[in-house]
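Visitor: This is the structure alone, sequence omitted:
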């Protein structure tokens, strides 16, 4: 049986959660999550999500978070990317790459954001690098448990959209990380 071509839909973050919550549980079961750098971090919920469907099944997803941040003291609107996942049985088949390319095209054409920013674990740096993302080597400040402070999650990567993206300096996300 031949699968149909991928279909990309952009949906509300909260309304699309039921479609992807089981996938997240398969990728990050509680017993696995406790041993990752993400354990204990309070994350923002996606405002929108790009979902990649084949037939009627979600194969990959990426969350979008648009927010004003402070970049070296200057207020900028950015597009945060988070919750990028591919259904485990379809990993390695290019669905993650396809959903990211679609999302990046969407941001370049529709979002009124200076640049995009994501957090990723070490094993994902090369994946995002091949898509044009650049490591941010500056200082990051976020909100955690109601307080603002330094954030040293593994890797921060940026992608220019309407302006060049800082690769060093200071960024205050003015809220939770995504």
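Guide: Received, thanks. Only a predicted model underlies this, so the values are computations on that prediction, with no experimental measurement involved.

Visitor: Could you list the paired strands of the top strand by length along the chain along with their orientation?
Guide: Ranked by residue count, the top strand of the chain under DSSP state E comes out as strand 57-71. Paired neighbours of strand 57-71 in the sheet (DSSP bridges): strand 48-54 (antiparallel), strand 74-86 (antiparallel), strand 170-172 (antiparallel).

Visitor: Same list (the ones you listed) but as a markdown table, adding mean pLDDT, distance to residue 9 and mean neighbour count.
Guide: Bear in mind the C-beta positions are built from the backbone N, C-alpha and C, glycine included. Putting the strands paired with strand 57-71 into a markdown table (pLDDT from 0 to 100; distance: least, CB to CB, whole Å; neighbours: other CB atoms under 10 Å) gives the following:
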| stretch | mean pLDDT | distance to residue 9 | mean neighbour count |
| --- | --- | --- | --- |
| strand 48-54 | 98 | 5 | 21 |
| strand 74-86 | 96 | 15 | 20 |
| strand 170-172 | 96 | 30 | 18 |
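
Visitor: So residue 168: helix, strand or coil?
Guide: Secondary structure, DSSP: H, G, I helix; E, B strand; the rest coil: residue 168 is coil.

Visitor: Run a quick neighbour tally on it.
Guide: 11 (other CB atoms under 10 Å).

Visitor: go on, the one 5 residues further on?
Guide: Using other CB under 10 Å, residue 173 has 23 other residues around it.

Visitor: That one against residue 139, yeah?
Guide: No. Using CB atoms under 8 Å, residue 173 is not in contact with residue 139; the gap is 11.5 Å.

Visitor: Quick one: the strands in the chain, in order.
Guide: According to DSSP E, the strands that the chain contains are 7-12, 48-54, 57-71, 74-86, 115-120, 134-135, 139-144, 147-150, 155-160, 170-172.

Visitor: which one of those strands lies closest to residue 26?
Guide: strand 74-86 (9.2 Å; CB to CB).

Visitor: if we look at the helix-or-strand element of the chain with minimal mean pLDDT, which residues are touching it?
Guide: When the helices and strands of the chain are compared on mean pLDDT, DSSP states H and E, helix 30-33 comes out lowest with a mean of 81. With CB atoms under 8 Å, 6 or more residues apart in numbering as the test, helix 30-33 has contacts from residue 39.

Visitor: tell me how far it is from the chain's mean position?
Guide: Helix 30-33 sits 20 Å away from the centroid of its parent chain (CA atoms, centre = their mean, to the nearest Å).

Visitor: List the buried residues of that helix.
Guide: Buried residues in helix 30-33, counted by 16 or more other CB atoms under 10 Å: none are found.
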